[in-house]
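Asker: Sequence first, then the predicted structure, then my questions.
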Amino acid sequence: MNATITDSVPDAQGHFGPYGGRFVPETLMFPLQQLEEEYFRAQQDPEFQQELSYYLRHFVGRPSPLYLAARLTRELGGPRIYLKREDLLHTGAHKINNAMGQILLARRMGKTRIIAETGAGQHGVATATVAAMFGLQCVIYMGEVDCRRQELNVFRMKMLGAEVVSVTAGQKTLKEAVNEAMRDWVTNVRHTHYILGTAYGAHPYPVMVRNFQRIIGDEARRQILEQEERLPDLLVACVGGGSNAIGLFFPFLQDASVQMLGVEAGGEGIIPERHAARFQGGSLGVLQGTRSYILQDENGQIQLTHSVSAGLDYAAVGPEHAWLRDQGRVQYGYATDDQALAAFSKLARLEGIIPALESAHAIAAVMEQAPKMAKDQLIIVNLSGRGDKDVAQVAERMRL
Amino acid sequence: MNRIEERFARLKKEGQKGFIVYIGAGDPSLEMTRRLALVFDKMGVDILELGVPFSDPLADGLVNQLAAQRGLESGTTPAKVLQTVAAIRLESQIPIVLYIYFNLMHRRGLEPFVREAAAAGVDGLLALDLPPEESGNYEALMARAGMSVIYLVAPTTPESRMELIVRHGRGFIYYVSREGVTGMQKSVSETIGAMTAKIRAHTDLPIAVGFGISTPEQARMVALNADAVVVGSAVVHQIAEHGRCADLPERVAAFTGALLKPVKDKSSL
């Protein structure tokens, strides 16, 4: 892989080739420019970086372990499988890496109010947590359907002092929560910062969120070199908007021998409105601030989506993923609801780890790939979150 | 000159202010949209702004979101909106602007969409999530088709950006009089005068002011500083309330007329 793959994108306007950019109402154009300037200034500021690493280490609990899943490895009979344990972080998922970075940025910009969207509730909990920590007012938008299926996280956000607004428009899931958060932001932009939770949206969000999440891959690269004295052969991560995946993949992009697999939500199979696999049934479009692959009908209306996992149940995918797919650098597949649920149980019983349903999609892909690979190969899979939030939903499905 | 430019030239000559009405296309039906357009034309509305319904109208407040939902439920597609404009053109030369989310144009393809809109009789497009920075060949295509590219200026727009926007805009500049989504307001912003003066320092284009105007007094106040006043949600709300009544056009006309009157009454300004 040549060096230009990461050096050339995004351009100054946030384009990853034909993807990305900034497609928002005029009211947000200047605030986004200000955010961009402030972010890149902070990124170069040693004091900001020091403050961020301090909190990541002492509050969030980084570095997260890279753990050899020995029984899963034996069961599948293929390469050694390492789990990047983002599930062990404070609040239970990788989302806190980005929430922490953005709240420090919001403080630098003098913002007094924080808003965020959330699907599975992990980003909402992470945002509510950092808002509580710094004493900032916090409002979280969450689809009504997601509030129901991820109720535990709704309670957590409320306990942390956030206001949770249940969104009843459309299909009442993540996409509608983003719409509502953007409406709030457009109205209150002078004193409010929008902590967008994934590598999506208008520039600079995709690049900023990726940079706050790349610590996952930076650590994993160092850890695998320590533990195995060589690079992995395959990285696997689930892809909703795509922040945990880009966080793991990005630091390995220059390592030509490392293959990468992003796993979308196949829902009940690739049938319109029954899945959320944008690279399977999607096409080029512009939604919620950026140009990327989206699930839409022939007139450009956004299609309904479905996934057992609220965090992957979204009609669009981050622009950098679309670009990496075009480059042939990352492969994208999908796991269905049933495959994810089987992987959920498998990891629980074999390794004593209950994964988030989102991360279970990545485990499902590993279960498919590992038997095709050699025993002396290495896989790193991002265990992006833990499954406490999913326990009630899965228990119901499994009739426990 | 297209119909928008002609209309503003005429208003200027007559020393009149313009009055622009926004409704959601296909709310409650495209046939009603056509009838309302003819009613608006007859009562002296200067420009009709038609919202093309989109599944994810993130710049719109609840009133216009619900209108878009009703539009989608009545089977309204971008192509059918253009057919409706063509039908209006059989009986009316009222200038028509489409208020549209960019994905709907993008999906059809920019070049064919612009060509088909012009052929149907559309005079301008307001693609509200397509800023000049992302416009690519859109402005050139629009110019070739004789249509106006309408851009927004917001209260958060600094003067350096105003300069850029007015350089790219055609027909008129749409000043969004407050931060937020579309919707009715109890009072109009006090900064309108200062902001329109700043915009005027950079352009001779007419300035239309909208977002939140819902009473005759607000319309009068805004007309003091604007070349044209836009009313949207307040009219859409009337359609929502009386959409099933046989006399909907008359009711909407009566409501709209009360807002139009102070804008056209020179002695009140």
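Answerer: Looks like it arrived, so ask away.
Asker: all helices for the stretch 251-400 of chain A, in order.
Answerer: Ranges of helices in the stretch 251-400 of chain A, per DSSP state H, counting those that start in this stretch, are A:278-281, A:319-326, A:337-351, A:357-369, A:391-398.
Asker: Which elements pack onto the last one?
Answerer: What it means is helix A:391-398. With contacts taken as 3 or more Cβ pairs under 8 Å, 6 or more residues apart in numbering or on different chains; DSSP states H and E, helix A:391-398 sits against helix A:151-159, helix A:337-351. In this view, the C-beta of every residue, glycine as well, is placed from N, C-alpha and C.
Asker: where does that helix sit relative to the chain's centre, distance-wise?
Answerer: The chain centre lies 23 Å from the centre of helix A:391-398; the measure is Cα atoms, centre = their mean, to the nearest Å.
Asker: Sort out which residues of it are buried, please.
Answerer: A:Q393, A:V394 (16 or more other Cβ atoms under 10 Å in any protein chain shown).
Asker: so which of the helices of the stretch 251-400 of chain A comes closest to B:H242?
Answerer: helix A:278-281 (40.4 Å; Cβ to Cβ).
Asker: Is that closest one in proximity to chain B?
Answerer: No: Helix A:278-281 lies apart from chain B when judged by Cβ under 8 Å from any Cβ of the partner chain; the minimum separation is 14.1 Å.
Asker: pLDDT of that helix, averaged?
Answerer: Per-residue pLDDT over helix A:278-281 has a mean of 96.
Asker: So which bits of it are buried?
Answerer: Buried-residue list, helix A:278-281, by 16+ other Cβ under 10 Å: A:R278, A:F279, A:Q280, A:G281.
Asker: Quick check: which of the helices of the stretch 251-400 of chain A is buried the most?
Answerer: Of the helices of the stretch 251-400 of chain A, the one with the most neighbours on average (mean count of other Cβ atoms under 10 Å in any protein chain shown) is helix A:357-369, at a mean of 28.
Asker: now the strand or helix carrying B:A194: how far from the chain's centre is it?
Answerer: Element membership of B:A194 [criterion: DSSP states H and E] is helix B:192-200. Offset of helix B:192-200 from its chain centre (Cα atoms, centre = their mean): 19 Å.
Asker: Could I get the buried residue list for it?
Answerer: By neighbour count on 16+ other Cβ under 10 Å, the buried set for helix B:192-200 is B:I192, B:M195, B:T196, B:K198, B:I199, B:R200.
Asker: Could you say which helix or strand holds A:Y141?
Answerer: Here A:Y141 is assigned to strand A:137-143, by DSSP H and E.
Asker: Does the next helix-or-strand element following that strand reach chain B?
Answerer: Downstream of strand A:137-143, the first helix or strand assigned by DSSP H and E is helix A:144-149. No: residues of helix A:144-149 are not located near chain B by Cβ under 8 Å from any Cβ, the shortest gap being 15.4 Å.
Asker: Next, the contact list for whichever residue of the stretch 51-200 of chain B sits closest to chain A, please.
Answerer: As assessed by Cβ to the nearest Cβ, chain A sits closest to B:R107 within the stretch 51-200 of chain B, at 3.1 Å. Residues near B:R107 by Cβ atoms under 8 Å, 6 or more residues apart in numbering or on different chains: A:G285, A:Q296, A:E298, A:N299, A:G300.
Asker: Tell me the confidence at the third one?
Answerer: Which is A:E298. Reported pLDDT for A:E298: 97.
Asker: Now do the phi/psi pair for it.
Answerer: phi -70, psi -20 (degrees, to the nearest 10).
Asker: Just give the nearest non-adjacent residue to it, would you?
Answerer: B:R107 (7.5 Å; Cβ to Cβ, 6 or more residues apart in numbering or on different chains).
Asker: Please tell me the pLDDT value assigned to that neighbour.
Answerer: At B:R107, pLDDT is 98.
Asker: a helix runs through it, doesn't it?
Answerer: Yes: counting by DSSP: H, G, I helix; E, B strand; the rest coil, B:R107 falls inside a helix.
Asker: And the residue of chain A closest to chain B?
Answerer: For chain A, Cβ to the nearest Cβ, closest residue to chain B: A:G300, 3.1 Å.
Asker: That residue: neighbouring residues, count only.
Answerer: Residues within reach of A:G300, counting by other Cβ atoms under 10 Å in any protein chain shown, total 26.
Asker: ok, back up a step: tell me which two of the buried residues of helix A:278-281 sit farthest apart.
Answerer: Most distant of these, by Cβ to Cβ, are A:F279 and A:G281, 8.4 Å apart.
Asker: Format the buried residues of helix B:192-200 as a markdown table; extra columns: pLDDT and distance to chain A.
Answerer: Below are those laid out as a markdown table (pLDDT from 0 to 100; distance: Cβ to the nearest Cβ, whole Å):
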| residue | pLDDT | distance to chain A |
| --- | --- | --- |
| B:I192 | 91 | 15 |
| B:M195 | 94 | 12 |
| B:T196 | 95 | 15 |
| B:K198 | 96 | 14 |
| B:I199 | 97 | 12 |
| B:R200 | 96 | 18 |
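Asker: just curious, which of those is nearest to B:E134?
Answerer: Using Cβ to Cβ, these come closest to B:E134 at B:I199, 21.3 Å.
Asker: For that closest one, list the residues it contacts.
Answerer: B:V153, B:M162, B:V166, B:I173, B:Y175, B:I207.
Asker: near chain A, from the residues you listed?
Answerer: Checking the contacts of B:I199 against chain A (Cβ under 8 Å from any Cβ), the matches are B:V153.
Asker: A:L66 pairs with what?
Answerer: Listed by DSSP bridges, the beta-bridge partners for A:L66 are A:K84.
Asker: out of the contacts of B:I199, which are inside strands?
Answerer: B:V153, B:I173, B:Y175, B:I207 (DSSP state E).
Asker: The third one touches B:V153, doesn't it?
Answerer: To tie it back to what came earlier, the one meant is B:Y175. Yes: taking Cβ atoms under 8 Å as the definition, B:Y175 is a contact partner of B:V153 at 5.0 Å.
Asker: Need the residues touching each of the two.
Answerer: B:M195, B:I199.
Asker: can you tell me which residue is nearest the centre of the chain?
Answerer: If you meant another chain, say so; for now it's chain A. A:S243 (3.2 Å; Cα atoms, centre = their mean).
Asker: ah, I was thinking of chain B
Answerer: B:E49 (3.4 Å).
Asker: which SS class is that residue?
Answerer: B:E49 is classified as strand under three-state DSSP.
Asker: Buried residues, stretch B:247-264. List them.
Answerer: B:L248, B:P249, B:V252, B:A253, B:F255, B:T256, B:L259, B:L260, B:P262, B:V263, B:K264.
Asker: mean confidence for it?
Answerer: 97.
Asker: In the record's domain split, what are the boundaries for chain A?
Answerer: A:4-56+A:95-209, A:61-92+A:213-398 (automatic domain parsing).
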